[in-house]
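Visitor: Here's my sequence, what's the structure:
(2 chains)
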Amino acid sequence: MHRAPRRSLRLPKFALALPSWGYYVAFFLVPVVLIIFYSFGTKIPGSAGRTEFSPLTLDRYRDAIKPTFFVVLQQTMRISITGTLLCLIIGFPVAYFMAIRIPARWRGIFLGVLIIPFWTNFLIRTIAWRIVLSPVGFLSNWLQDIGMRDSNIQVLNTKAAVQLGVVYNYLPLMIFPLFVTLDRLEPALREASKDLGASRLKTFLQVTLPLCAPGVIAGLLLVFIPLSGDYITAAVLGGADGNMSGALVASQFLQAQNQALGSAIAVMLMGSILLVIAIVAIISFAFKAVLHRMRKVDIPGTRGDDLAVATNG
Amino acid sequence: MTKILIPQVTAERLKAQLNRRHFLALSGATAAAAFLAACGDDEKKPGTTGSTMGGKVDKNINLFTWADYDDEELLNSWGGLTIDIYGSNEEAIQKLAAAKGSSGYDVVVPTGVFIPQMVSEDLLQKLDLSKIPNFKNLDVAYTNQAWDQGNQYSVCKDWGSTGFMYDNRVITTPIVTWADFLAACEGPASGQVSVLDTPGNLCGLYFWANGIDWTTEDPAHLDAAEDYLVNTLAKHIKAFDSYPGVTLVEGNYVLSQAWNGDARMGYIAHEGAGGDPADYSWALGGPVTELWMDNWAIVKGAPNPDGAHDFINFILDQDNSVKDLEFHGYNTGMADIASLLPDDLPYADMIFFEDAQVATMHAGAVNSAQDRLVEIYNNTKAAAGA
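Guide: Below is the predicted model of the structure:
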């Protein structure tokens, strides 16, 4: 009887989630809905980017579905998929090394070394590469001095420079989630695998790697999504070769002052990114299912749980 | 190596986590402090000082302008300016229009042909020329322009033209006309060319080379320009670069379409690095090329219109205008400017043109072809990156 009033003062459980819901609504939902709404509008001819919405129309999508969009999208996806995979290939050993091989007391320093570049502005870090890659820069001169090259390097304003730039800019976003998962991995599990007779490689492939899957997925998404929309790195380092979809959106907003068409292209770009993620997700689910079936071992007297699940559990 | 290690491992992990948390907190705090310090700098502007006009004028304004366009030392000698940069007129207009008078900018520097659109969109406020007595210092040739008769909204900052600069160690036959320029792009300069990163200048290349008025709205001309730029020129382009001068002399391009002041900066940088100016050639494109004039204007809803007027008056002072000119290398349109300049002004012939040259220059236009020009520009960029 005495407790009843106190209970009624309690906020419902979801109240704690309100700030984050508020954040998502204000900074994610509202902008996305606005962009989708604008994509059904029409630019008022001659105006500085004013858009009219009567009637709502699909014409902007018709304007956007042109060979140019698909050419640029293809270039973008080539850069972003290659970049994401390179980040994984380079980032995994680094994260593994930091989380497992390095004594705990050194980890702070290694993490710090990874974080320090973030103190400098993204754009400035990218522009700095222009100095390194310049045909008459110190790298070029040095390579010629030691006799590795006869002429100036020609890397700036090529796709190779863009690829280098995006891997450099997004690599930490891959390393951090991988580090966190690897760091949380119980060393006992690897020891158990070893005790049960698995080689180092087998332990890595069948214990460590499957347990890191959440970190790998988080890293892939964290790198792939912003990289696909990034056009700054490409514009700074790639010259004419660095045309990415983000630049198409920007030029509609800033050059053509056509917010409706820019929004339609942005929606299509978002759709393309989601499509790629969906395809990768389906392939990896299928792969996992096949693996599951192949590895299935029936142990007499049990329900027949497969080994992979047993190790995971 | 045995199972009994677990407590020790746990202890180690705990220690590591504490260290890590400590470090993250520290780095976060440092970053936040740096950010706050940077914000604080904005507040530290010089206070109100007496003006030339007798009264007190708040000398803090926000200037929205092009990159590398103003001598900061000169600006700081007037008062406290915060500078923001835009890359094209369209971008500036888009940002001002989206803010609907709340952009917080006081002064903007649009190119003349864009001013009518800005006026009709209500983005500029009328100037009070009585607060800009130094307006009289301008050569009458650069006042009262077609796009703003009576200088109601704008006064000349400077004007210039478009040409090209090339490395004549690679391109050995002189380039004179835009047709020569395009031939060189397809020939010795292929893959080492930069063009200006604006729709008008890119399409202008084709129109100037083929004797077509570059303000054309004729769909057939626009289609022909697109066909040439996308299918022929694009594959030879290395970069779309509005400020190629210094990048060119650093060896990144061998041929660049450039504005005269930017090409001049390239020469100065090359000489500064111990290079021989004879390595490069500069020419205004023939038979016709661009004429542009950038103008000081006051943004509608400017927080400090009095300060903005005072600043424009300051910059139109003869001595200040010369300093401005020496920095960016464009003619600031002062009356009798030749007598004001130092004798040793480098590359003066890239700033001042002869009458015969000026006669070949034509202003662009903002018209119904604008969206089509952007489409051609996007398609050319896509083809160049393929």
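Visitor: Please make it C-alpha for all contacts and neighbour counts, starting now.
Guide: Fine.
Visitor: Nearest residue to the residue of the stretch 251-386 of chain B found nearest chain A in space, please, no chain neighbours.
Guide: Going by CA to the nearest CA, chain A is nearest to B:Gly385 of the stretch 251-386 of chain B, at 4.0 Å. Sequence neighbours aside, A:Asp241 is the residue nearest to B:Gly385 in space, at 4.0 Å (criterion: CA to CA, 6 or more residues apart in numbering or on different chains).
Visitor: Need the pLDDT of the one you found.
Guide: With respect to pLDDT, A:Asp241 has a value of 84.
Visitor: Equivalent analysis for A:Pro135, please.
Guide: So A:Pro135 comes in at 85 (pLDDT).
Visitor: for it, what are its contacts?
Guide: Applying CA atoms under 8 Å, 6 or more residues apart in numbering or on different chains, we find A:Pro135 in contact with A:Asn152, A:Ile153, A:Gln154, A:Val155, A:Leu156, B:Glu250, B:Gly251, B:Asn252.
Visitor: Just the element for it, please.
Guide: Per DSSP states H and E: A:Pro135 is located in neither a helix nor a strand.
Visitor: Mind putting the contacts of A:Pro135 into TSV with secondary structure and neighbour count?
Guide: Below are those laid out as TSV (DSSP: H, G, I helix; E, B strand; the rest coil; neighbours: other CA atoms under 10 Å in any protein chain shown):
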residue	secondary structure	neighbour count
A:Asn152	coil	18
A:Ile153	coil	18
A:Gln154	coil	16
A:Val155	coil	20
A:Leu156	coil	23
B:Glu250	coil	18
B:Gly251	coil	16
B:Asn252	coil	25
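Visitor: roughly how far apart are the residue nearest to B:Gly385 and A:Ala104?
Guide: In this view, A:Asp241 and A:Ala104 are 44 Å apart by CA to CA, to the nearest Å.
Visitor: So between those two, which is more surrounded?
Guide: A:Asp241 (28 against 21; other CA atoms under 10 Å in any protein chain shown).
Visitor: My understanding was that the more buried one contacts A:Ala160; is that so?
Guide: No - between A:Asp241 and A:Ala160 there is no contact under CA atoms under 8 Å: 9.3 Å.
Visitor: And the pLDDT for A:Ala308?
Guide: pLDDT, read off for A:Ala308, is 47.
Visitor: now do B:Gln8
Guide: Confidence score, pLDDT, at B:Gln8: 48.
Visitor: now the spatially most central residue of chain B, which residues is it bridged with?
Guide: Geometric centre of chain B, nearest residue: B:Trp66, 3.8 Å, by CA atoms, centre = their mean. Bridge pairing for B:Trp66 (DSSP bridges) gives the partners B:Tyr86.
Visitor: Contacts only, for it.
Guide: Neighbours of B:Trp66 in contact, by CA under 8 Å, 6+ apart: B:Ile85, B:Tyr86, B:Gly87, B:Ser88, B:Val109.
Visitor: what separates the nearest residue to A:Asp230 once chain neighbours are set aside from B:Gln145, distance-wise?
Guide: Counting by CA to CA, 6+ apart, A:Gly246 is the residue found nearest to A:Asp230 once chain neighbours are left out, at 6.0 Å. A:Gly246 sits 38 Å away from B:Gln145, going by CA to CA.
Visitor: The two: which is more packed in?
Guide: Applying other CA under 10 Å to A:Gly246 and B:Gln145 shows that A:Gly246 carries more neighbours, namely 22 against 17.
Visitor: doesn't that one fall inside a helix?
Guide: Yes - applying DSSP: H, G, I helix; E, B strand; the rest coil, one finds A:Gly246 inside a helix.
Visitor: what number of residues lie near residue 82?
Guide: Went with chain A since none was named. 16.
Visitor: if you could check chain B rather than the one you did, that'd help
Guide: Neighbours of B:Thr82 (other CA under 10 Å): 16.
Visitor: which phi and psi does it have?
Guide: Recorded main-chain torsions at B:Thr82 are phi -110, psi 130, according to degrees, to the nearest 10.
Visitor: from the contacts of B:Trp66, which two are the most distant?
Guide: Spanning the widest gap among these are B:Gly87 and B:Val109, at 11.5 Å by CA to CA.
Visitor: Can you pick out the residue with more neighbours from those two?
Guide: Legend: neighbour count by other CA under 10 Å for B:Gly87 and B:Val109, higher for B:Val109 (25 against 15).
Visitor: Isn't the more buried one up against B:Asn295?
Guide: Yes - with contacts defined as CA under 8 Å, B:Val109 counts as touching B:Asn295 at a distance of 5.1 Å.
Visitor: Overlap in contacts, those two.
Guide: What both B:Val109 and B:Asn295 touch, as defined by CA under 8 Å, 6+ apart, is the set B:Lys157.
Visitor: Residue ranges in the chain under the pLDDT threshold?
Guide: Just going to use chain A. Low-confidence segments of chain A (pLDDT under 70): A:1-9, A:301-313.
Visitor: not what I meant, chain B
Guide: B:1-55.
Visitor: the helices in it, which residues?
Guide: In chain B, the helices defined using DSSP state H lie at B:6-43, B:72-78, B:89-99, B:115-120, B:178-186, B:199-209, B:219-228, B:245-249, B:260-272, B:305-315, B:318-328, B:355-358, B:370-385.
Visitor: would you list these in a markdown table and tack on mean neighbour count?
Guide: Shown next, in a markdown table, are those (neighbours: other CA atoms under 10 Å in any protein chain shown):
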| stretch | mean neighbour count |
| --- | --- |
| helix B:6-43 | 13 |
| helix B:72-78 | 14 |
| helix B:89-99 | 20 |
| helix B:115-120 | 18 |
| helix B:178-186 | 21 |
| helix B:199-209 | 22 |
| helix B:219-228 | 15 |
| helix B:245-249 | 23 |
| helix B:260-272 | 22 |
| helix B:305-315 | 22 |
| helix B:318-328 | 20 |
| helix B:355-358 | 12 |
| helix B:370-385 | 23 |
